[in-house]
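A.B. asks: Requesting a structural model of the entry that follows:
(chains A and B)
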2 protein chains.
Amino acid sequence: MKEEIEELWREVRDLSLGNSGRVERLECPPRPVELVRDFINPNKPCIISNAISHWAALSSWSNPSYLSQTLSGAIVSVHLTPNGAADALAPLNSSLCFASAHVQHVPFPEALGLISSSSPPKLVAYAQQQNDCFRSEYLSLAADCDSHLGWATEAIGSLPEAVNLWIGNQHSQTSFHKDHYENLYAVVTGQKHFLLLPPTDVHRLYIRHYPAATYTYSSDTGEFDLELEKPTRYVPWCSVDPYPSPETMDDEMIKFPLYFNGPPPFECTVKAGEVLYLPSMWFHHVRQSGDDDGGLTIAVNYWYDMQFDIKYAYFNFLQSIHYRSTPSAMINDKVSEEIDSGRDDYES
Amino acid sequence: MKEEIEELWREVRDLSLGNSGRVERLECPPRPVELVRDFINPNKPCIISNAISHWAALSSWSNPSYLSQTLSGAIVSVHLTPNGAADALAPLNSSLCFASAHVQHVPFPEALGLISSSSPPKLVAYAQQQNDCFRSEYLSLAADCDSHLGWATEAIGSLPEAVNLWIGNQHSQTSFHKDHYENLYAVVTGQKHFLLLPPTDVHRLYIRHYPAATYTYSSDTGEFDLELEKPTRYVPWCSVDPYPSPETMDDEMIKFPLYFNGPPPFECTVKAGEVLYLPSMWFHHVRQSGDDDGGLTIAVNYWYDMQFDIKYAYFNFLQSIHYRSTPSAMINDKVSEEIDSGRDDYES
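C.D. replies: Residues are numbered from 1 along each chain as shown, chains lettered A, B, ... in the order given. Down below sits the predicted model:
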């Protein structure tokens, strides 16, 4: 099956994505029919300029005191981790677990203080909550942005299912995963750095089941505790860290050759004022940087319902297939066996 | 691989096509964004009413003398076969070949005479040529129809690549095949009866390579001769005849169990004044009937360019996979071996 799957990786790039590894750029929002035809239908990302130039947020949110003042009465969710890696693999008891952040609900000015004073490996704070938080916790900022992107709403045929706000700095990152949404990701301050892989590359990310664990932070001791959930719950998650440390690089390349030796991911930086169309089911890894050192990166993302159509069925079929070529090889090869070959059942 | 592929058949129906086996009906043409989003994107057929009600063709083409008069000076292509099955499998030298019609270029009134007097198994005529013939051979009918369907052109982003006219009667049919086009199929007189299968059902049609052959008709003897092309050329074609004679039914069901025992095809009749959106890469089998016995069925179809995108890459991947579950079964099983497992390389 190896050859057939590798041919699929190549063909998706040849046919519709291009082999440049570059994400297409549009100088203005596409017409709705163009967005569906040229991007959503072929499941192809693009970066759109001049789509949010009219947002008051673009000037006012660079000013932390504007935010603190406007949100002085707001209680917001802030995600605390020792190192900025929430919803990511972490070592625990000489094995790996899927670690979720300690979530605290604090007045916004306090959250902002925690983010600004973030300092790995002690404490990193990231204000985010993927539960439509922009339309709940951050309601007082509503007038600074559009409540939806008209051209995308018209294209997709429904209003966003969720609108999320993300406030962090260069210490926070998001590990490789995919979402079951069409995602319009608008950067307001700072920059977001994405690595993108099409759904057809699913085997290259070595999705395996990891036991779920959660950080607990004690403000008294300033220490984190990471504990497995009880009863044990397994989360299928991508095993690949695309930026291993120099010391672990060789080891990671041996463990995950399909990622490190295969076609490189699409790499792109989305700047303040730009919108990324991140197609449903694409794997993405996200880092960020501020306009100045330690400065905030703020983004608003619109999750629109995806269509669970023939593309989705094809994805499930592909994921159900073992990468190795023969059954005997599969039985003898532990790595291959560990690849999640079930249906698409991610939980996040 | 058997289970995974069968799950794919099921899931495509569950998710986006529905299990009713019925093709969705629209009471008027969709807006361009709707056509892309709800049908082209999910690769889902529909039948559209009231899209061509303004065509003069709807009234004038029912009258054979109007056609003969308007096309009195036109030379048209007429396809002659003994039985109405052109581009179909036919027995030759105790094996099967892919038989093309004898194509004659005759004045239109003569073509019409041949069609009207068609009588299998001696001679059946079908005026058709899939080379944009409506805009060449039938140019004098241009004013009776639209040169393109505005809502489809806007949706797809380009004018039709080809517009074809089909004039035949109940004696002609088209065997299972697929086209690399988005197809808008407008019926002007009579009715077309389609059997449709999604691209994901490719293994159920037992595509195999058959040697190409061509009929030669002698008007002197009134006899057909069927001869293999030289040098031999192989055409990959669907092996399944969905309407076998009662005598061969048992045999066909044994040879092609995936077709006959699997989910039934989507079955639909497109009446005069209606338009079928037949998605790219869908397998289709077509029969036709006139408004009265022996009456003509006339249709105009618009072939728009399809996108060779991730769906197409997924299709090629699926087709490259053997249906049988283990390599040893594949080696020992002649039927399975014969399934075309190459890339998508149909010639028509």
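
A.B. asks: Look up phi and psi at residue A:259.
C.D. replies: When quoted as degrees, to the nearest 10, the phi and psi of residue A:259 stand at phi -70, psi -50.

A.B. asks: ranges for the helices of the stretch 151-300 of chain A?
C.D. replies: Counting by DSSP state H, counting those that start in this stretch, one finds helices in the stretch 151-300 of chain A at the ranges A:249-255, A:257-261.

A.B. asks: Name the spans of chain A whose pLDDT lies under the cut-off.
C.D. replies: Within chain A, the segments meeting pLDDT under 70 span A:325-348.

A.B. asks: Kindly list the longest strand within it.
C.D. replies: In chain A, ranked by residue count with DSSP state E as the criterion, the top strand is strand A:208-218.

A.B. asks: so what does that one touch, helix or strand wise?
C.D. replies: Applying 3 or more Cβ pairs under 8 Å, 6 or more residues apart in numbering or on different chains; DSSP states H and E, one finds that strand A:208-218 contacts strand A:75-81, strand A:88-92, strand A:95-100, strand A:102-107, strand A:223-228, strand A:234-237. No exception for glycine: its C-beta is placed from N, CA and C like everyone else's.

A.B. asks: can you list contacts of that strand?
C.D. replies: Strand A:208-218 is touched from outside by A:80-82, A:86, A:89-90, A:92, A:96-102, A:104, A:123, A:223-229, A:232-237, A:239, A:338-340, with contacts defined as Cβ atoms under 8 Å, 6 or more residues apart in numbering or on different chains.

A.B. asks: Turn the helices and strands packed on strand A:208-218 into a markdown table, columns for mean neighbour count and distance to chain B.
C.D. replies: What follows is those, written out as a markdown table (neighbours: other Cβ atoms under 10 Å in any protein chain shown; distance: least, Cβ to the nearest Cβ, whole Å):
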| stretch | mean neighbour count | distance to chain B |
| --- | --- | --- |
| strand A:75-81 | 21 | 33 |
| strand A:88-92 | 18 | 28 |
| strand A:95-100 | 20 | 27 |
| strand A:102-107 | 16 | 34 |
| strand A:223-228 | 15 | 33 |
| strand A:234-237 | 20 | 18 |
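
A.B. asks: Take those strands and write them to a markdown table, including distance to residue A:288.
C.D. replies: Compiled in a markdown table, the helices and strands packed on strand A:208-218 are given as follows (distance: least, Cβ to Cβ, whole Å):
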| stretch | distance to residue A:288 |
| --- | --- |
| strand A:75-81 | 14 |
| strand A:88-92 | 15 |
| strand A:95-100 | 19 |
| strand A:102-107 | 19 |
| strand A:223-228 | 22 |
| strand A:234-237 | 21 |
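
A.B. asks: right, and these - which one's nearest residue B:188?
C.D. replies: Across the helices and strands packed on strand A:208-218, the minimum distance to residue B:188, taken as Cβ to Cβ, is reached by strand A:234-237, at 53.4 Å.

A.B. asks: centre of the chain versus the closest one, how much separation?
C.D. replies: Going by Cα atoms, centre = their mean, to the nearest Å, the spacing between the C-alpha centre of strand A:234-237 and its chain's C-alpha centre is 16 Å.

A.B. asks: Please apply the same query to stretch A:5-23.
C.D. replies: Put simply, stretch A:5-23 sits 21 Å off its chain's centre (Cα atoms, centre = their mean).

A.B. asks: Can you mark which positions in it are buried?
C.D. replies: A:5, A:6, A:7, A:8, A:9, A:11, A:12, A:13, A:15, A:16, A:17, A:23 (16 or more other Cβ atoms under 10 Å in any protein chain shown).

A.B. asks: where does the last one fall, phi/psi-wise?
C.D. replies: Its backbone dihedrals place residue A:23 at phi -90, psi 130, with angles given as degrees, to the nearest 10.

A.B. asks: Most tightly packed of the helices of the stretch 151-300 of chain A?
C.D. replies: Here the criterion is mean neighbour count by mean count of other Cβ atoms under 10 Å in any protein chain shown, and of those the winner is helix A:257-261, at a mean of 16.

A.B. asks: now it: how far from the chain's centre is it?
C.D. replies: The mean C-alpha position of helix A:257-261 is separated from the chain mean by 20 Å, Cα atoms, centre = their mean.

A.B. asks: next one: stretch A:286-303
C.D. replies: Its chain's average C-alpha position is 13 Å from that of stretch A:286-303, according to Cα atoms, centre = their mean.

A.B. asks: Can you measure across that stretch, start residue to end residue?
C.D. replies: Stretch A:286-303 has an end-to-end distance of 16 Å (Cα to Cα, to the nearest Å).

A.B. asks: Check stretch A:124-133 too.
C.D. replies: End-to-end for stretch A:124-133, by Cα to Cα: 20 Å.

A.B. asks: Show me what counts as buried in it.
C.D. replies: With burial defined by 16+ other Cβ under 10 Å, the residues of stretch A:124-133 counted as buried are A:124, A:125, A:126, A:127, A:128, A:129, A:130, A:133.

A.B. asks: Now do the contacts for the fourth one.
C.D. replies: Spelled out, it's residue A:127. Residue A:127 makes contact with A:76, A:77, A:78, A:79, A:108, A:111, A:112, A:115, A:165, A:166, A:167, A:168 under the criterion Cβ under 8 Å, 6+ apart.

A.B. asks: any idea how far it lies from residue A:136?
C.D. replies: With distances defined as Cβ to Cβ, to the nearest Å, the gap from residue A:127 to residue A:136 amounts to 13 Å.

A.B. asks: The second one too?
C.D. replies: With the distance defined as Cβ to Cβ, residue A:125 ends up 19 Å from residue A:136.

A.B. asks: which bits of the stretch 201-348 of chain A sit near chain B?
C.D. replies: Taking Cβ under 8 Å from any Cβ of the partner chain, the part of the stretch 201-348 of chain A that reaches chain B is made up of A:307-314, A:316-318, A:320-321, A:326-327.

A.B. asks: Buried only: go through the residues you listed for me.
C.D. replies: Among those, those scoring as buried are A:307-314, A:316-318, A:320-321 (criterion: 16+ other Cβ under 10 Å).

A.B. asks: what residues does stretch A:155-162 touch?
C.D. replies: By Cβ under 8 Å, 6+ apart, the list of residues contacting stretch A:155-162 from outside reads A:30, A:32-33, A:35-36, A:40, A:130-132, A:148, A:153, A:181-182, A:184, A:302-305, B:33-34, B:37-38.

A.B. asks: And stretch A:56-73, by the same measure?
C.D. replies: Contact partners of stretch A:56-73, identified using Cβ under 8 Å, 6+ apart, comprise A:52, A:107-109, A:112, A:116, A:138, A:140-141, A:143-145, A:188-189, A:272-273, A:291, A:296, A:298, A:300.
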